[in-house]
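>>> would you be able to build a 3D model of this:
(one chain, ligands or ions: 3)
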Amino acid sequence: MTDFRQQALDYHAHPKPGKITVEISKPAETSKDLALAYSPGVAEPVRAIAQNADDVYKYTAKGNLVAVISNGTAILGLGNLGPMPSKPVMEGKALLFKRFAGLDAIDIEVSHRTTQDFINTVSNIADTFGGINLEDIKAPECFEIEKALIERCDIPVFHDDQHGTAIVTAAGMLNALEIQGKDLNSAKIVCMGAGAAAIACMELLIKCGAQRENIYMLDSKGVIHTRRDDLNEYKALFANNTDKRTLEEVIQGADVFVGVSGPDLLPPSALKLMADKPVVFACSNPDPEIKPELAAATRDDLIMATGRSDYPNQVNNVLCFPFIFRGALDVRAKAINDEMKIAAVEAIRELAKESVPDSVLKAAGVEQLNFGKDYIIPKPLDPRLCQRVAKAVAVAAVESGAARIDLPKNYMAD
Ligand SMILES: NC(=O)C1=CN([C@@H]2O[C@H](COP(=O)(O)OP(=O)(O)OC[C@H]3O[C@@H](n4cnc5c(N)ncnc54)[C@H](OP(=O)(O)O)[C@@H]3O)[C@@H](O)[C@H]2O)C=CC1
Ligand SMILES: CC(=O)C(=O)O
Ligand SMILES: [Mg+2]
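Ligands and ions are numbered 1, 2, ... in the order given. The predicted model follows:
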C-alpha cells in the first residue's frame, strides 16, 4: 500500500470514523435548559411555525443547513459504485461547506429503483433544509432529477457537478484565455466527456461568449456528430455536422481542451496537435485526462489546470458551491438562477487578479502568486472567496428577484 493511500485511509478512520459530526448550539446542562430545549419549551416554536411558516427560519437550523445528496452513480471519475461508496465524498462536501462557508451540511445517500423514486425521496424531505446540493449523479438522469426538483422544491436545488464545475471552469477559462491573448468568442473548444459536468460547462461557456459550432464534444464512443443515432437530447445539442470522428481529428488547431471524462484520455500526441498557446483543463478526479508533468514535457506554451489540490490552477467546484449556497441562503433565495451563476463567475475571476495575502501564500506553501500562467484562479483556502462570491451571488439574487429577503445589513462587509 502506498504511503499516501494509507495516510488517506488513516485520516478517514482515526481518531473517529468519518469527517463530520453534529454539535449542539444551545446550553443543555440544567433542568431549566432542558425545559426550554425540549418539553415544554419546544412547543412554543412549534406553535409559532404552525401559525407562520417563515418562523421556521427564526427558530430552527433550516436557514443554515444544506443537504448533500447523492446516489453514487458518478462518484468523481470513479464511476457508478453506488450510494455507500459515495459517502466519503459527500461527507467531504459537508466538510467543505462548513470549513469554507460556515454552512452546516449533512450527507444523504439514496438507494432507489427508478429516477422517479429518487426525485420523490428528495422532494419529500427537502423542506428540512435551506438548500439541496445534488452530487455525483450521472448523466443523463441528473438533468431530469435537477429539473423536477427545482420545480417541486421552493429552496435552491443545485447539481454541483453541473453548475459548480461550470462556474469555476468559466472563471478559469476566461482568465486563461486572457493570459494567452485569445478570445472565448472565437476559440475552438474540444470537450472530452458528455455527461453532467461537460454539458453544463459547455452551456455556461456559451453564455459567456463561446460559439456552439466551435465546440467539439466527445463521449466514450468518440466525436458527437449529427449522423449518430445514439445521442440523448442533451448530447444532441452539441452534435456537429462534421466528418471528423476521433480526438486526433477534432483537436487539430484547437485552442481549448476541457476534460471532464476520465483518467489519461488526452495523449501527448493529441496535445501536440493543438493551436499555439492552448488552454488545457484536465479536470477529471482524482486522475486528470493528462498529468501536468506529461503535458509540460510535451509543450511549454500551454496553460494547464486540473481538479486537484496538489498542482497549480485547481479548477474544482469547491471554489463555488460553498459560497453560492452561502449567498443564496443568506437572502433565502428560491432558486439559483443564471444571474447568480454569472455573478459567481465574475467574482471568482476578478479575485485571481488581486494581490494575494500572506496567509494564503503560507497555506498554499508558496512564496508568491501573481495572476498569470500558474495562477489563473484563486486558491480554495483564500478567505476572500466567501466574502466576494457570497456577496456577489446574494446581490444578484436580490436584483433578479430570486431572494425572499433583502441583503442583511453590512452583508460580507470588508
Ligand atoms: N474538477 C471538478 O470540479 C469536477 C470534475 N468532474 C470530473 O468529471 C468527470 C465526469 O463527471 P460527471 O460529468 O459528473 O460524470 P457523468 O457520468 O455524468 O459523465 C461522464 C462522461 O464521461 C464520458 N466518458 C467516459 N469515458 C470516456 C472516454 N473513454 N472517452 C470519452 N468520454 C468518456 C462518458 O461518456 P458516455 O456518455 O459515452 O458514457 C460521459 O459522457 C469525472 O472524472 C469527475 O471527477 C466532475 C465534476 C467536477
Ligand atoms: C469535484 C467533483 O465534484 C467531482 O470530481 O465529482
Ligand atoms: Mg462531484
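
>>> burial check on residue 349, number of neighbours?
22 (other C-beta atoms under 10 Å). C-beta coordinates here come from the backbone N, C-alpha and C atoms, glycine included.

>>> quick one: it and residue 171 touch, right?
Yes - Residue 349 lies in contact with residue 171 (C-beta atoms under 8 Å); the separation is 4.2 Å.

>>> now the common contact residues for those two.
With contacts defined as C-beta atoms under 8 Å, 6 or more residues apart in numbering, the residues adjacent to both residue 349 and residue 171 are residue 377.

>>> contact partners for the closest residue to residue 353 other than its chain neighbours?
Nearest non-adjacent residue to residue 353, counting by C-beta to C-beta, 6 or more residues apart in numbering: residue 371, 4.9 Å away. Residue 371 is in contact with 175, 179, 352, 353, counting by C-beta under 8 Å, 6+ apart.

>>> and for whichever strand or helix holds residue 295, what are the contacting residues?
If you go by DSSP states H and E, residue 295 is part of helix 292-298. Contact with helix 292-298 is made by 266, 268, 271, 272, 280, 282, 302, 304, 306, 311, 312, as judged by C-beta under 8 Å, 6+ apart.

>>> show me which of those are buried.
266, 271, 280, 282, 302, 304, 306, 311, 312 (16 or more other C-beta atoms under 10 Å).

>>> any idea how far the residue nearest to residue 353 is from residue 311?
17 Å (C-beta to C-beta, to the nearest Å).

>>> show me which residues of this protein sit near ligand 1.
74, 76-77, 138-139, 161, 165, 192-198, 218-221, 260-262, 265, 283-285, 307, 315-317 (C-beta under 6 Å from any ligand atom).

>>> just these that are near ligand 2?
Residues of the residues of the chain next to ligand 1 in contact with ligand 2 (C-beta under 6 Å from any ligand atom): 76, 161, 285, 307, 316, 317.

>>> and the next helix or strand past the helix or strand where the second one lies?
Using DSSP H and E, residue 161 falls within helix 160-180. Secondary structure here is assigned by DSSP H and E; on that basis, the next helix or strand after helix 160-180 toward the C-terminus is strand 189-192.

>>> output that following strand as CSV - backbone C-alpha positions only.
Provided in CSV are the C-alpha atoms of strand 189-192 (Å, rounded to 0.1, in the frame of the first residue of the first chain):
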residue,chain,number,x,y,z
ILE,A,189,-13.0,24.1,-28.0
VAL,A,190,-12.7,20.3,-27.5
CYS,A,191,-14.7,18.8,-24.6
MET,A,192,-13.8,15.3,-23.6
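
>>> from the middle of its chain, how far away would that strand be?
19 Å (C-alpha atoms, centre = their mean, to the nearest Å).

>>> can you give the strand pairings for it, parallel or anti for each?
According to DSSP bridges, strand 189-192 forms sheet pairs with strand 215-219 (parallel), strand 256-259 (parallel).

>>> what's in contact with the next helix or strand after it?
Sequence-wise, the next helix or strand downstream of strand 189-192 (DSSP H and E) is helix 196-207. The set of residues external to helix 196-207 that reach it, using C-beta under 8 Å, 6+ apart, is 74, 137-139, 142-143, 159, 161-163, 165-167, 169-170, 173, 184, 189, 191-192, 210, 212, 215, 217, 234-235, 237-238, 258, 260-261, 283, 338, 341-342, 345.

>>> contacts only, for residue 165.
Counting by C-beta under 8 Å, 6+ apart, residue 165 has contacts 197, 200, 201, 260, 283, 316, 317.
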